[in-house]
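Enquirer: this one's structure only:
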């Protein structure tokens, strides 16, 4: 609801005063940063010139002083950058809150960062500060928020939003928690951008419950298509960086589905005034850990094998992806470890002799808390220290002697081969069948998961103690084994896991509910559902709901009065495609032609590439422009476009068990959807 003329005039005055203070603070801070830099440079020069007169204590003190000053200067620089970000748009909302304890009234203006006047009074509040949660969580009326000191209760008297461009106040709106507020609908109606943007001014209550949750170590978020899962995850990262002491961007790792997605989200955290975190894909981990193969098949290529019907033994892959094989592998590996033994006494330098009984006692009992192949390192060090007065100089020699006399070899390909020959494996295969997937230069994705688990079980997983927060997006496409591996690598990290079982594109593994993941993690997990979609129009949502027989998906956008277009019995494909593409690119900023697989994408690209500046996207693509693209459905996950054209030919139509893939494709559309069927 727009405010009165009198209120609008008051707000214009507040904006002018805030802008003046902001500009003055920026200028003062700019001078401070420069002076601090010059002073630090001079101090370093002074220390260097006099270093020959310093003793060890003086040098330590000088280093501490220098690092302390550098840290202060870095903090000032970071704050300066944040102030520059809000220079033309100082704030986006305000609340009026009355404290119930002393009836004091606070007028809180909410921004991307804080701003204080010369008396250190807060003029702008960082959106992540405790009191600002009231804006996101409550309608006007009784309310409360939690601070480190405890809970504060009171009354929310007003919520207000602002449209400010270039420091000009264009609109002021008073609102409740009503999802149909004018600011949100205005943003939803705009066309999509090249990259994901921050939504700090339109975070909704259900999203805020995920963003600000610090009570639970692990969060599992089931969110429907377009519910803002990834956006929520990135804003949660920004909140945790603000809230948790000594947490930095280098302590946070995001597992992304692919490199395209990594690039797509790369602007969000910087737009919130934070550095981008570490990012990886599960394939990156596999490629780094598995050195026995030239490379690891990409997840998208693994998926493509199924949807292009080029897989010759899908039952075998189904077994390799199953929960059952985890138990089978554990039993096989436990037996492998228990039967490992030294066959002979060993003698070093024809002097130092160790009996096989003593070595086997160390293998099976003294060092049995360690992975098997780590035990050999410790035994070798122990023997060297015993015979050479605590020195490790002969550890390598003892290790070689030990390995030469064991009944096993550290050959993971052989170990993997023998699993499929053992009684622990529930599918019987011939030697040639096993060798067909083991003796490859590029290991199949499904084999890489099992291979890395075997390797980690026997020699230890690469523990990453610097990572304190792990974010996993598109969680439904990871099987249980992957979560077991991740939990072993990041033993002390907290997890935020986000996904949608309706968007599962892995045909070999499905969850009944993401809540099933609770049992993987030792710490308590909180399961949260996001059931509102902000991406697609009601017309598109109504159509996509029918694909999977869904009824709980709530569309927040207003109706566009543009029904989903269905093209059937197409006689001249090229002409119709060109007509539809012309309409969509003239009407909207971005358009995606989404195919079922890469083969169809290549075919359509060849058909229209001479008529348009069009990009074709595959699993290796890192950067692209969204104006007009052709992309397979399994790569388009997580992306969104103003308009989408779904194409599949009659011979390659979506089958009943491929409805999830079709659902993923259709839910990429924001404003208009056209389907060739």
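Expert: Good, I have the coordinates. Keep in mind that this is a model prediction, so the values were computed, not measured.

Enquirer: What is the neighbour count of residue 508?
Expert: Per other C-beta atoms under 10 Å, the neighbour tally for residue 508 reads 18. C-betas here are computed from N, CA, C, even on glycine.

Enquirer: tell me the contacts of it?
Expert: For residue 508, the contacting residues are 306, 314, 317, 318, 320, 321, 322, 446, by C-beta atoms under 8 Å, 6 or more residues apart in numbering.

Enquirer: Surely it is in a helix?
Expert: No. Checked against DSSP: H, G, I helix; E, B strand; the rest coil, residue 508 lies outside a helix; its state is coil.

Enquirer: Produce a PyMOL select command limited to the buried residues of the contacts of residue 508.
Expert: Applying 16 or more other C-beta atoms under 10 Å to these, the buried members can be selected in PyMOL as follows:
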select buried, resi 306+317+318+320+321+322+446
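
Enquirer: and the helix or strand containing residue 581, which residues are buried?
Expert: Assigned by DSSP states H and E, residue 581 belongs to helix 573-587. Neighbour counts over helix 573-587 (16+ other C-beta under 10 Å) mark 577, 580, 581, 583, 584, 585 as buried.

Enquirer: picking up where we left off before, out of the contacts of residue 508, which is nearest to residue 244?
Expert: residue 321 (35.7 Å; C-beta to C-beta).

Enquirer: tell me the phi and psi of residue 147?
Expert: phi -120, psi 170 (degrees, to the nearest 10).

Enquirer: sorry, back to before: among the contacts of residue 508, which are located in strands?
Expert: Among the contacts of residue 508, none falls in strands (DSSP state E).

Enquirer: tell me which of the contacts of residue 508 is nearest to residue 154?
Expert: Set against residue 154, the nearest of the contacts of residue 508 by C-beta to C-beta is residue 321 (52.7 Å).

Enquirer: Please verify my assumption that the closest one contacts residue 506.
Expert: Yes. Using C-beta atoms under 8 Å, residue 321 makes contact with residue 506 at a distance of 7.4 Å.

Enquirer: quick one: common contacting residues for those two?
Expert: residue 479.

Enquirer: What are the boundaries of the helices in the stretch 551-677 of the chain?
Expert: Along the stretch 551-677 of the chain, counting by DSSP state H, counting those that start in this stretch, helices occupy 573-587, 598-608, 659-666.

Enquirer: Just send those back as CSV, with mean pLDDT and distance to residue 245 too.
Expert: Output for the helices of the stretch 551-677 of the chain, formatted as CSV (pLDDT from 0 to 100; distance: least, C-beta to C-beta, whole Å):
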stretch, mean pLDDT, distance to residue 245
helix 573-587, 94, 49
helix 598-608, 92, 47
helix 659-666, 95, 40
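
Enquirer: Burial check on the residue lying closest to residue 122 once chain neighbours are set aside, number of neighbours?
Expert: The shortest distance from residue 122 to any non-neighbouring residue, by C-beta to C-beta, 6 or more residues apart in numbering, is to residue 116 (5.9 Å). Neighbourhood size, residue 116 [other C-beta under 10 Å]: 12.

Enquirer: which residues does residue 595 form a beta bridge with?
Expert: Counting by DSSP bridges, residue 595 is bridged to residue 632, residue 647.

Enquirer: Contact partners for it?
Expert: The contact partners of residue 595, by C-beta under 8 Å, 6+ apart, come to 601, 604, 630, 631, 632, 633, 647, 648.

Enquirer: ok so, going back, do you know how far the residue nearest to residue 122 is from residue 124?
Expert: For residue 116, the distance to residue 124 (C-beta to C-beta, to the nearest Å) stands at 8 Å.

Enquirer: where does the residue nearest to the spatial centre of the chain fall, phi/psi-wise?
Expert: Nearest residue to the geometric centre of the chain (C-alpha atoms, centre = their mean): residue 254, 3.5 Å. Dihedral angles of residue 254 (phi, psi; degrees, to the nearest 10) stand at phi -110, psi 130.

Enquirer: Repeat that for residue 499.
Expert: phi -170, psi -180.

Enquirer: residue contacts, it?
Expert: So, once contact is read as C-beta under 8 Å, 6+ apart, residue 499 ends up touching 221, 222, 223, 229, 472, 473, 474, 475, 476, 477, 514.

Enquirer: The residues you listed in strands, which ones?
Expert: Using DSSP E, the contacts of residue 499 in strands are 221, 222, 223, 472.

Enquirer: Quick check: bridge partners of the third one?
Expert: Beta-bridge pairing of residue 223, defined through DSSP bridges, involves residue 530.

Enquirer: So it sits against residue 498, correct?
Expert: Yes. The pair formed by residue 223 and residue 498 meets the contact definition of C-beta under 8 Å, at 6.3 Å.

Enquirer: which residues do the two both contact?
Expert: 229, 232.

Enquirer: can you give me phi and psi for residue 141?
Expert: phi 140, psi -160.

Enquirer: For the closest residue to residue 468 other than its chain neighbours, give its distance to residue 465.
Expert: Leaving aside its chain neighbours, residue 468 sits nearest to residue 251 (4.3 Å; criterion: C-beta to C-beta, 6+ apart). Taking C-beta to C-beta as the measure, residue 251 falls 10 Å from residue 465.

Enquirer: Which one's more surrounded, those two?
Expert: residue 251 (17 against 9).

Enquirer: Look at that one and report its pLDDT.
Expert: Looking at residue 251, its pLDDT stands at 97.

Enquirer: list the contacts for it?
Expert: 466, 467, 468, 469.

Enquirer: Buried ones from the residues you listed, can you make that a PyMOL selection?
Expert: Here is the PyMOL command that picks out the buried ones among the contacts of residue 251, judged by 16+ other C-beta under 10 Å:
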select buried, resi 467+468+469
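
Enquirer: Redo the contacts of residue 251 as a markdown table? Include pLDDT.
Expert: Putting those into a markdown table (pLDDT from 0 to 100) gives the following:
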| residue | pLDDT |
| --- | --- |
| 466 | 94 |
| 467 | 96 |
| 468 | 96 |
| 469 | 96 |
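
Enquirer: now the contacts of residue 251 as JSON lines including secondary structure and distance to residue 289?
Expert: As requested, these are arranged in JSON lines below (DSSP: H, G, I helix; E, B strand; the rest coil; distance: C-beta to C-beta, whole Å):
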{"residue": "466", "secondary structure": "coil", "distance to residue 289": "17"}
{"residue": "467", "secondary structure": "coil", "distance to residue 289": "15"}
{"residue": "468", "secondary structure": "coil", "distance to residue 289": "21"}
{"residue": "469", "secondary structure": "strand", "distance to residue 289": "21"}
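
Enquirer: which among the contacts of residue 251 gets closest to residue 87?
Expert: Nearest to residue 87 among the contacts of residue 251, with distances taken as C-beta to C-beta, is residue 469, at 30.3 Å.

Enquirer: which residues does that closest one contact?
Expert: So residue 469 contacts 237, 240, 247, 251, 252, 253, 493, 494, 495, 496 (C-beta under 8 Å, 6+ apart).

Enquirer: Against residue 238, how distant is it?
Expert: 12 Å.

Enquirer: Same question for residue 630.
Expert: Using C-beta to C-beta, residue 630 is found at 34 Å from residue 238.

Enquirer: what about the two, which has more around it?
Expert: residue 630 (27 against 23).
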